[in-house]
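[1] Here's my sequence, what's the structure:
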Amino acid sequence: MDFMKSERAKESFGPLVFEENRCDLLQNVDTRCLLCEDEFNLQISLPMFLAHIFDVHNIVIEDVQNIANLHDYISYWQQKFKNTPIEQIIPSITFDSTNQKYFLMSNLLKEDKELRHNLKLEYALKVQEYERNDKSFIRFCLMCKLCYEDRHVLKEHMRKKLHKRINPENEEYDRFYIVNYLEPNKSWKTIQKEDDRYAISREVNADEEYSDWNEKEDQIICLFCKAKETDINVICQHMEAEHGFSFTDVTKDLDFFQKVKLINYIRKQIHENRCSYCQLKFETFDDLEKHLTGENHYKIPHLKTFDQPEFYFPTYENDAFLYLIDDVEDN
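    Numbers count the residues shown, from 1 in each chain. Next up is the predicted model:
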C-alpha cells in the first residue's frame, strides 16, 4: 500500500514535458547534469534529462519548457552548485508519504527569476537580430499590410500615410515587442495603462486634431559636433570630412545592436565633455574638441568599452541617427 502511495506521489510530482516541446529554445549541444558528470543533448533527450535529475538527484525544474536557452540556465546553476551545496540555495519539499525531499527550482527564488528573465530577453534580442538580417521576407506595411517589392517605395508609403508603427490592435505582433519581455507577466498594454499622461481623449476629432499637421524631416545631428542634416548619408560624409571619422568603416564588423550602443556611448561621452576614445574629461566642449582634433581621437575605443547593456538606451530622446542606421550607405 505504501508502495502504491509512493508511486502516485511520484507521478503527480515528477517532471512534466509538453508534447510540443519548444525545440527552438534548445541548443543542439551536450549539457552536463546539474550535480554529476552525465551529459545530455537537451534538444534530443530533454525528457531523459528531466527524468535523470528527478530520479537521481530529486530535482524538479518548474516550467522548464518556457526557459529560453536551457543550456545556459543549467550551466549557470551547475557552477553555482560547485561552490555552494544545493541545500543552501534551492528550497525543498518533503512528502509525508515517502519522507523524500525534492528540490524545486522555480522563479519563486529571486536569483532563478532574474536568470530566466535575462535569458528570455537575450533570446528575444538574438531573434530580432536574426530577423533583421533575414532576406527571405515580404516587404509589407506593418499598419495596412500592403506589399511592396522595393524597400524605398515601402518607406515612402509609410511616411506619406503616417504608417510608421504597427497596428496596435493586431495581437500577432505582441511576441515581437521587447517591452513584453522587460517586466515578467506584463504586456505592453498593461504597462501603457500605468501612465496615461500622453493619452489623447477619444472625443477629439482626428481630422481636426491633425488638420494643421506639417511633417518635418528628421534632423540628424553629428556625433561629435552640432552640425545637422536631414540625410543620414550627408551627415556621415560631414563626419568623415570634418572629423576624419568614417562611420561605415569603423562599424563594418559590428552588428546592429553594437552600432546602437556605440552611438549612445559616443553621445553620452560628448555630452559630458569626455573623450569617447580615452575617456579624458574636459571643462568645456571647446577644450574637448581641441583634444579630439590634436590627438586624432575621432575613433572608437575597444568593443568592451561600449558594448554594455546600459547603452541600449538612447542618450537623447528621438535620436534620428539611431533609427536610420540601416540607411547608411557604404562609401
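
[2] ok now stretch 305-325, how far from the chain's centre?
    Centroid separation for stretch 305-325 versus its chain: 13 Å, with Cα atoms, centre = their mean, to the nearest Å.

[3] for stretch 281-290, that is, sorry about that
    The answer for stretch 281-290 is 34 Å, by Cα atoms, centre = their mean.

[4] who touches it?
    Stretch 281-290 has contacts (Cβ atoms under 8 Å, 6 or more residues apart in numbering) with F224, C225, I270, E272, N273, R274, C275, H291. C-beta: built from backbone N, CA, C; applies to glycine.

[5] Narrow these to those that are buried.
    Listed as buried from the contacts of stretch 281-290 are F224, I270, N273, R274, C275, H291; burial here means 16 or more other Cβ atoms under 10 Å.

[6] tell me the phi and psi of the most centrally placed residue in the chain?
    By Cα atoms, centre = their mean, the mean C-alpha position of the chain lies nearest to L125, the distance being 3.6 Å. Backbone geometry at L125, expressed as degrees, to the nearest 10, gives phi -70, psi -40.

[7] wait, it sits on F257?
    Yes. Using Cβ atoms under 8 Å, L125 is in contact with F257, at 6.6 Å.

[8] about what we covered before: so the residue nearest to the centre of the chain versus L119, what's the distance?
    Using Cβ to Cβ, to the nearest Å, we find L125 at a distance of 11 Å from L119.

[9] One more: K82?
    K82 is 20 Å from L119, by Cβ to Cβ.

[10] And D327, by the same measure?
    For D327, the distance to L119 - Cβ to Cβ - is 32 Å.

[11] Out of these two, name the residue with the larger neighbour count.
    Applying other Cβ atoms under 10 Å to D327 and L119 shows that L119 carries more neighbours, namely 19 against 14.

[12] Surely the more buried one and I67 touch.
    Yes. Under the criterion of Cβ under 8 Å, L119 makes contact with I67 at 6.7 Å.

[13] Return every residue with contacts to both of these two.
    With Cβ under 8 Å, 6+ apart as the test, L119 and I67 both reach Y73.

[14] Can you tell me which of the contacts of stretch 281-290 is closest to S106?
    When these are compared for distance to S106 (Cβ to Cβ), E272 wins out at 42.7 Å.
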